[in-house]
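Novice: sharing a sequence plus its predicted fold:
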Amino acid sequence: MSAYRTLTAADAVDYARRYAGLSDPETLINAEEVGDGNLNLVFKILDGRGISRVVVKQALPYVRCVGESWPLTLDRARIEAETLLVHERYCPQHTVKILHHDAGLAVMIQEDLSAMSIWRRELLAGRYYPQAARQLGEYLSRTLFYTSDFYQHPHEKKAEVGRFSNPEMCQITEDLFFTDPYSGHDRNSYETALEDAVAGLRTDPDLRLAVAALKHTFLTKAEALLHGDIHTGSIFVAASQLKVIDAEFGFYGPIGFDIGTAIGNLLLNYCGLPGLLGLREAAAGREQRLQDIRELWQAFAEGFQALAAENTRDLTLAAPGYAHRFLRKVWTDALGYCGTELIRRTIGLAHVTDLDTVADAAMRHECQHHALNLGKMLILAAPHIDDSSALIARIRQNG
Ligand code: ADP
Ligand code: MG
């Protein structure tokens, strides 16, 4: 393990030459910093023809988009690399490959995915990847089943819960998802046109009770090693491929949280599309998002059930019908978390371009109101929505 220092572009090239495991390391000559995220340094390491060969990602000791006034644990780089290595063990086809990592330097080297595209950018442009939702469902079923008590030995599971203890990153989620939007905080960010709707979140007692239950579950329910931040900006897609990156929020938490945030980001796109493409152009994209949601859940649930039928190692959890009953609870959790993602991405600290880049102000506010209403409905109605058909019917009713 090395002592921490922030890497320059030249350091990153040197590092990749030494540790990426390439057969021709001397061809690496340049680095381009491309980090567009909120937190970290990301270098593409280029060869003489300007082609990116590997990616070097380093955590900074503070939140990049806020500055040094908000310090943040470097341990998140270890958590990210180790979560992705576990997920790769169980789902190599949909997890970015980690070629090397060093917890002291808070750095990792990843396979380069530049030939693929960030899913959110494609969704914004109205480009459809019909296989992506199913592939994401497969990623979620495999990573979440194999790290759960259905599969892991109870001693191993408890050791893993310790290894993936991620208190500082979890606190960000706890605050941004469950506290700030419902109690008012300086970090919240929204236009005055939304003021009344936001005030309504603070004064709705049923909503606050339901959000309290979701937060409590997030705090206590160590069901599986979650990705922890599975939004469409953390997913690369191509014509027949999907790869997940950026697992620095990884920890053992409720499975419904990963499912709900993933569905939530598809719904944020659903809400933004009329503003991004115009009402008429948006119709096809919206139908595709509803289909994506149906297929994501189906691939996840069928995948998880099939794995449970074949590979459950806990004799008690193998009871016929138990996996099915468990998935019903995951579904309800997922709908609630989906609602909190819709709300916090609309009025909290971290927004999404699906809503924020709608140029026309009145249209933007309409899309944002839609996301807030949908979020609120999902949080309150989650226990009464039985399956994805019922969910889609409710979404249509909501506008
Ligand atoms: P952060 O954790 O700071 O949000 P990300 O891991 O999301 O950082 O990476 C930021 C950006 O860097 C991504 O949106 C993507 O454009 C680029 N990037 C990250 N990892 C890779 C990779 N393995 N291959 C190609 N580009 C990548
Ligand atoms: Mg990140």
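Specialist: Cool, got the structure. Residues are numbered from 1 along each chain as shown. Ligands and ions are numbered 1, 2, ... in the order given.
Novice: how about the helices of the stretch 1-150 of the chain, start to end?
Specialist: 9-19, 75-90, 119-124, 132-146 (DSSP state H, counting those that start in this stretch).
Novice: out of the ones you listed, which comes closest to ligand 1?
Specialist: Taking CB to the nearest ligand atom as the criterion, helix 75-90 is the member of the helices of the stretch 1-150 of the chain that comes nearest to ligand 1, at 7.7 Å. From N, CA and C alone the C-beta is placed, and that goes for glycine too.
Novice: which parts of that closest one are buried?
Specialist: Residues of helix 75-90 classed as buried: 75-84, 86-88, 90 (neighbour count, 16 or more other CB atoms under 10 Å).
Novice: same question, stretch 200-215
Specialist: Quick answer for stretch 200-215 (16+ other CB under 10 Å): 201, 204, 207, 210-211, 214-215.
Novice: closest residue of the stretch 251-399 of the chain to ligand 2?
Specialist: Nearest residue of the stretch 251-399 of the chain to ligand 2: residue 350, at 10.2 Å (CB to the ion).
Novice: show me what contacts that residue?
Specialist: Residues in contact with residue 350 (CB atoms under 8 Å, 6 or more residues apart in numbering) are 38, 176, 344.
Novice: can you add pLDDT and distance to ligand 2 and give these back as TSV?
Specialist: Below are those laid out as TSV (pLDDT from 0 to 100; distance: CB to the ion, whole Å):
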residue	pLDDT	distance to ligand 2
38	72	7
176	97	13
344	98	16
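Novice: show me which of those residues neighbour ligand 1.
Specialist: Contacts with ligand 1 within the contacts of residue 350, as defined by CB under 6 Å from any ligand atom: residue 38.
Novice: would you mind listing what in the stretch 101-250 of the chain touches ligand 1?
Specialist: Residues of the stretch 101-250 of the chain lying near ligand 1 (CB under 6 Å from any ligand atom): 110, 112-114, 118, 234, 245-246, 248.
Novice: residues contacting the residue in the stretch 51-200 of the chain that ligand 2 sits nearest to?
Specialist: Nearest residue of the stretch 51-200 of the chain to ligand 2: residue 80, at 7.7 Å (CB to the ion). Neighbouring residues of residue 80 by CB under 8 Å, 6+ apart: 57, 59, 108, 246-248, 250.
Novice: returning to that earlier point: any chance of the contacts of residue 350 in JSON lines, plus distance to residue 166?
Specialist: Formatted as JSON lines, the contacts of residue 350 follow (distance: CB to CB, whole Å):
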{"residue": "38", "distance to residue 166": "17"}
{"residue": "176", "distance to residue 166": "15"}
{"residue": "344", "distance to residue 166": "19"}
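Novice: just among the contacts of residue 350, which is most surrounded?
Specialist: Highest neighbour count within the contacts of residue 350, by other CB atoms under 10 Å: residue 344, with 25 neighbours.
Novice: tell me what the helix or strand harbouring that residue is packed against?
Specialist: Per DSSP states H and E: residue 344 is located in helix 322-347. Secondary-structure packing of helix 322-347 (3 or more CB pairs under 8 Å, 6 or more residues apart in numbering; DSSP states H and E): helix 180-183, helix 195-202, helix 205-220, helix 255-277, helix 279-311, helix 361-381.
Novice: so which of these is nearest residue 332?
Specialist: For the helices and strands packed on helix 322-347, the distance to residue 332 is smallest for helix 255-277, at 7.2 Å, taking CB to CB.
Novice: would you mind listing what in the stretch 201-350 of the chain touches ligand 2?
Specialist: residue 246 (CB under 5 Å from the ion).
Novice: what residue in the stretch 201-350 of the chain comes nearest to ligand 1?
Specialist: For the stretch 201-350 of the chain, CB to the nearest ligand atom, closest residue to ligand 1: residue 246, 3.7 Å.
Novice: nearest spatial neighbour of that residue, skipping sequence neighbours?
Specialist: Of all residues not flanking residue 246 in the chain, residue 234 sits nearest, at 4.2 Å (CB to CB, 6 or more residues apart in numbering).
Novice: surely that neighbour and residue 243 touch.
Specialist: No - counting by CB atoms under 8 Å, residue 243 is not a contact partner of residue 234; they are 9.9 Å apart.
Novice: out of those two, which sits in the busier spot?
Specialist: residue 234 (24 against 21).
Novice: can you list the domains in the chain?
Specialist: Partitioning the chain according to automatic domain parsing yields domains covering residues 9-111, 117-397.
Novice: what about the protein, any weak spots by pLDDT?
Specialist: Low-confidence segments of the chain (pLDDT under 70): 37.
Novice: residues in contact with residue 206?
Specialist: residue 380.
Novice: what strand or helix carries residue 392?
Specialist: Assigned by DSSP H and E, residue 392 falls in helix 388-397.
Novice: may I see the buried residues of that helix?
Specialist: 388, 391-392, 394-395.
Novice: one step back: okay if I get the helices of the stretch 1-150 of the chain as a markdown table plus distance to residue 255?
Specialist: Output for the helices of the stretch 1-150 of the chain, formatted as a markdown table (distance: least, CB to CB, whole Å):
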| stretch | distance to residue 255 |
| --- | --- |
| helix 9-19 | 34 |
| helix 75-90 | 14 |
| helix 119-124 | 21 |
| helix 132-146 | 5 |
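Novice: what's the closest of these to residue 51?
Specialist: helix 9-19 (13.3 Å).
Novice: now that closest one: buried residues?
Specialist: For helix 9-19, by 16+ other CB under 10 Å, it's 11-17, 19.
Novice: and of those residues, the nearest to residue 195?
Specialist: Distances from residue 195 to these, taken by CB to CB, are shortest for residue 12, at 44.4 Å.
Novice: taking this protein, what residue is nearest to ligand 2?
Specialist: Counting by CB to the ion, the chain gets nearest to ligand 2 through residue 246 (4.2 Å).
Novice: element containing that residue?
Specialist: Assignment of secondary structure by DSSP H and E places residue 246 within no helix or strand.
Novice: OK, contacts around residue 104?
Specialist: Per CB under 8 Å, 6+ apart, neighbours of residue 104: 1-4.
Novice: ok, and the closest non-adjacent residue to it?
Specialist: Here the residue nearest residue 104, using CB to CB, 6+ apart, is residue 1, at 3.6 Å.
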